[in-house]
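Chemist: generate coordinates for the sequence data below:
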Amino acid sequence: MSSPPLVGLIPIDKPAGVSSRAVVDVVARAAGTKSVGHAGTLDPLARGVVLVCVGAATRLVDHLHELPKHYRATFALGRSSPSDDLETPVVIEEDPPRPDAGALAAAARSLEGEILQRPCDYSAVHVDGKRAYRLARKGRPVELAPKPVRIDRLAILGYDWPRLEVDVICSSGTFIRAIGRDLAAALGTGAVMESLERSAIGPFQRASAVDPDAVNPTSLVRLLQPALAAVPHLARVTVSRQDRDSLALGRPISLPPESAEALAAVDDDGLLVGILRALPGGGYRLRPSFIGRN
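Modeler: Numbering: from 1, shown residues only. Have a look, this model is predicted:
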């Protein structure tokens with residue numbers, strides 16, 4: 001009798017110099033399935049938390065994107081590069097302005113909250129069906145429209161010209177390189193990112209993330225967290241066996257009034273059944289489903 005397919009997620013501590021895709025491949029080989037994906041690319045030059053989902057848990061990636069991300073980054077001011085980091089040639093400015101700590105702090109505060117941010121030219125954003133970084137590497141012009149992002153915290157941790165260290169808590173889709181770029185531009189200079197660490201995604205801390213070298217077919221079964229761990233920010237509701245059967249057939253169910261548009265439905269064993277979505281006329285429908293898989 002074959003074992004049931006693996007379902008869940010695993011926080012990986014990605015080393016610098018390794019792509020997020022390579023991390024996914026490590027988990028995919030250990031799981032013996034192609035149904036593996038990650039919730040948020042981390043630049044190859046960066047290190048830190050990458051959440052990898054396995055099996056039906058890949059359907060929860062959008063919910064993982066809702067979790068805030070915590071970063072620490074260092075920048076060198078008074079210089080610039082096409083990629084806003086050290087991946088491309090760096091140009092050092094002649095006699096750039098040297099802002100004091102007070103000016104830096106004020107500029108940082110101006111970037112907090114809901115803002116429009118122009119993505120970096122060297123990024124995975126699609127432009128006419130192609131990745132922006134592929135066009136940029138070929139020397140083709142890249143025009144990226146600003147996108148709404150949320151920066152909950154942008155704190156100066158250290159400053160000794162030209163080095164600047166910052167602490168950032170932000171929404172998914174925020175480019176940390178672009179934060180340095182825009183922060184410096186507000187002060188009349190440029191910046192390139194020298195290092196980046198993603199220290200947390202929601203409750204998933206780098207300190208407890210798994211070294212990819214420790215992932216193998218035997219350890220993955222033990223290290224894999226249940227699918228329910230992917231939605232710590234959603235309210236939970238326990239559904240009856242009757243409601244579970246109805247949901248399995250694609251039928252909506254009625255629940256006591258809830259303010260949330262989405263609820264994590266669990267069964268009597270505490271396993272995730274799926275995500276309940278509120279219907280306009282009342283009741284909830286299951287999407288996505290984990291019935292029979294978890």
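
Chemist: residues near Thr33, how many?
Modeler: 13 (other CB atoms under 10 Å). All C-beta spots, glycine's among them, are computed from the backbone N, C-alpha and C.

Chemist: next helix or strand past the biggest strand by length in the chain?
Modeler: Taking DSSP state E as the criterion, the chain has its longest strand at strand 147-160. Sequence order places strand 163-170 as the next helix or strand after strand 147-160, per DSSP states H and E.

Chemist: can you tell me how far Ile169 is from Leu42?
Modeler: Between Ile169 and Leu42 the computed distance is 16 Å (CB to CB, to the nearest Å).

Chemist: what about the strands in the stretch 1-150 of the chain?
Modeler: Along the stretch 1-150 of the chain, the stretches classed as strands by DSSP state E, counting those that start in this stretch are 8-14, 36-38, 47-54, 69-77, 79-80, 91-92, 113-117, 126-127, 130-131, 147-160.

Chemist: what comes up buried for the longest one?
Modeler: Put plainly, it is strand 147-160. Neighbour-count burial for strand 147-160, counted by 16 or more other CB atoms under 10 Å, picks out 149-151, 154, 159.

Chemist: put the alpha carbons of that strand into PDB.
Modeler: What follows is strand 147-160 as a C-alpha-only set of coordinates in PDB (Å, rounded to 0.1, in the frame of the first residue of the first chain):
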ATOM      1  CA  LYS A 147       2.600  49.400  -7.800                       C
ATOM      2  CA  PRO A 148       0.900  49.700  -4.400                       C
ATOM      3  CA  VAL A 149       2.900  48.200  -1.600                       C
ATOM      4  CA  ARG A 150       2.800  48.600   2.200                       C
ATOM      5  CA  ILE A 151       5.800  49.500   4.400                       C
ATOM      6  CA  ASP A 152       4.900  49.000   8.000                       C
ATOM      7  CA  ARG A 153       8.300  49.800   9.400                       C
ATOM      8  CA  LEU A 154      11.400  51.400   7.900                       C
ATOM      9  CA  ALA A 155      13.900  52.000  10.700                       C
ATOM     10  CA  ILE A 156      17.500  53.100  10.500                       C
ATOM     11  CA  LEU A 157      19.700  50.600  12.400                       C
ATOM     12  CA  GLY A 158      23.100  52.100  11.600                       C
ATOM     13  CA  TYR A 159      24.600  54.800   9.600                       C
ATOM     14  CA  ASP A 160      28.300  55.600   8.900                       C
END
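
Chemist: who are the packing partners of that strand?
Modeler: For strand 147-160, the packing partners by 3 or more CB pairs under 8 Å, 6 or more residues apart in numbering; DSSP states H and E come out as helix 101-110, strand 113-117, strand 163-170, helix 176-185.

Chemist: contacts for it next, please.
Modeler: Here strand 147-160 makes contact (CB atoms under 8 Å, 6 or more residues apart in numbering) with 68, 72, 101, 104-105, 108-109, 111-119, 164-171, 173-174, 179, 183.

Chemist: again with the second one
Modeler: Outside strand 36-38, the residues within contact range by CB under 8 Å, 6+ apart are 20, 23-24, 27-28, 50-55, 58, 61.

Chemist: and the two most separated of these?
Modeler: The two members of the contacts of strand 36-38 with the most space between them (CB to CB) are Ser20 and Gly55, at 18.7 Å.

Chemist: turn the strands of the stretch 1-150 of the chain into TSV, columns for mean pLDDT.
Modeler: Below are the strands of the stretch 1-150 of the chain laid out as TSV (pLDDT from 0 to 100):
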stretch	mean pLDDT
strand 8-14	97
strand 36-38	95
strand 47-54	97
strand 69-77	98
strand 79-80	96
strand 91-92	96
strand 113-117	97
strand 126-127	64
strand 130-131	69
strand 147-160	97
